[in-house]
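In: pasting the structure only:
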């Protein structure tokens, strides 16, 4: 990895500017929207701060189950936290740093993160990017497990599905789905090697000409009052899930 905050900071700005220039759809995630607050992503590691976010999630979904509230928050937050690094890596071939000390979160008034931005770059090698990704996610997951009854393995499943989804979106955006989705397995393997543990594998499925994340995780939203299972939920019967994904693909031009 490169050293020198000034040099990597300039590289990070260049990579993120290129991402939002080439793919304007990312601007809303990397540029702080009006009415939102910028907070250090290291705040997620603070038990009191994260506990308030879980409590807000519980109110939002009208649940008194702390595990459900925490997983629902993490389902949204994990995608936001890895987007700058993975999207810049796919689009510009240069990743920005996903670790908490380098990342700023954009927080909505309701306590959900809408986007993030990194202040450092980490290079272009899969081992470096995967190691930084693993370190970041491990820190966030440990913090989450410290404030709510969430099993780390379940939180990792959500995180890996988020990585797979962000890479699929980036690949779709630039018309390089095979390359971007192949990176998912490589990066997660590098993350696991860095951490010395076996992580869940990212998976995809092709239905009606479109590629989807084959999720291993459940966001638990169906356990909140008035909510149903997601279309791609692994808890649904496979034939029903595939039929709904096929209809989605046909509707949106898969």
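Out: On my side now, so go ahead. These numbers come from a predicted model, not from an experiment.
In: Could you pull up the contacting residues of residue 140?
Out: 44-45, 74, 77-78, 81, 100, 159 (Cβ atoms under 8 Å, 6 or more residues apart in numbering). Heads up, the C-betas are built off the backbone N, CA and C, glycines and all.
In: same thing with residue 52?
Out: Residues in contact with residue 52 (Cβ under 8 Å, 6+ apart) are residue 111.
In: mean confidence for the one helix or strand residue 70 maps to?
Out: Element membership of residue 70 [criterion: DSSP states H and E] is helix 66-92. Across helix 66-92, the average pLDDT comes to 97.
In: just checking, next helix/strand downstream of that helix?
Out: Next helix or strand after helix 66-92 toward the C-terminus (DSSP H and E): strand 95-96.
In: tell me the angle the host helix or strand of residue 168 makes with helix 66-92.
Out: In this structure, residue 168 is located in helix 152-174 according to DSSP H and E. On the basis of axes from the mean of the first three to the mean of the last three Cα atoms, to 10 degrees, helix 152-174 is oriented at 30 degrees to helix 66-92.
In: In a strand, residue 232, correct?
Out: No. Residue 232 sits outside any strand when classified using DSSP: H, G, I helix; E, B strand; the rest coil, being coil.
In: my guess is it contacts residue 215, does it?
Out: Yes. At 5.3 Å, residue 232 counts as touching residue 215 under the criterion of Cβ atoms under 8 Å.
In: So for the two, which residue has more residues nearby?
Out: It is residue 215, of residue 232 and residue 215, that has more neighbours when counted by other Cβ atoms under 10 Å, with 23 against 18.
In: what residues are up against that one?
Out: With contacts defined as Cβ under 8 Å, 6+ apart, residue 215 is in contact with 161, 203, 232-234.
In: now do residue 86
Out: Residue 86 touches 95, 98, 133, 163, 166-167, 170, 187, counting by Cβ under 8 Å, 6+ apart.
In: Would you mind putting these into JSON lines with distance to residue 31, neighbour count and pLDDT alongside?
Out: Listed next are the contacts of residue 86 as JSON lines, based on distance: Cβ to Cβ, whole Å; neighbours: other Cβ atoms under 10 Å; pLDDT from 0 to 100:
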{"residue": "95", "distance to residue 31": "19", "neighbour count": "29", "pLDDT": "97"}
{"residue": "98", "distance to residue 31": "18", "neighbour count": "28", "pLDDT": "98"}
{"residue": "133", "distance to residue 31": "22", "neighbour count": "27", "pLDDT": "98"}
{"residue": "163", "distance to residue 31": "22", "neighbour count": "29", "pLDDT": "98"}
{"residue": "166", "distance to residue 31": "17", "neighbour count": "25", "pLDDT": "98"}
{"residue": "167", "distance to residue 31": "21", "neighbour count": "27", "pLDDT": "98"}
{"residue": "170", "distance to residue 31": "17", "neighbour count": "25", "pLDDT": "98"}
{"residue": "187", "distance to residue 31": "25", "neighbour count": "28", "pLDDT": "98"}
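In: Distance to residue 117 added to the residues you listed, as TSV?
Out: Output for the contacts of residue 86, formatted as TSV (distance: Cβ to Cβ, whole Å):
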residue	distance to residue 117
95	13
98	11
133	16
163	18
166	15
167	19
170	16
187	20
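In: of the residues you listed, closest to residue 124?
Out: Taking Cβ to Cβ as the measure, residue 124 lies nearest residue 95 of the contacts of residue 86, at 6.9 Å.
In: And that closest one, how close does it get to residue 160?
Out: 17 Å (Cβ to Cβ, to the nearest Å).
In: Residue 141 too?
Out: Going from residue 141 to residue 160 by Cβ to Cβ gives 11 Å.
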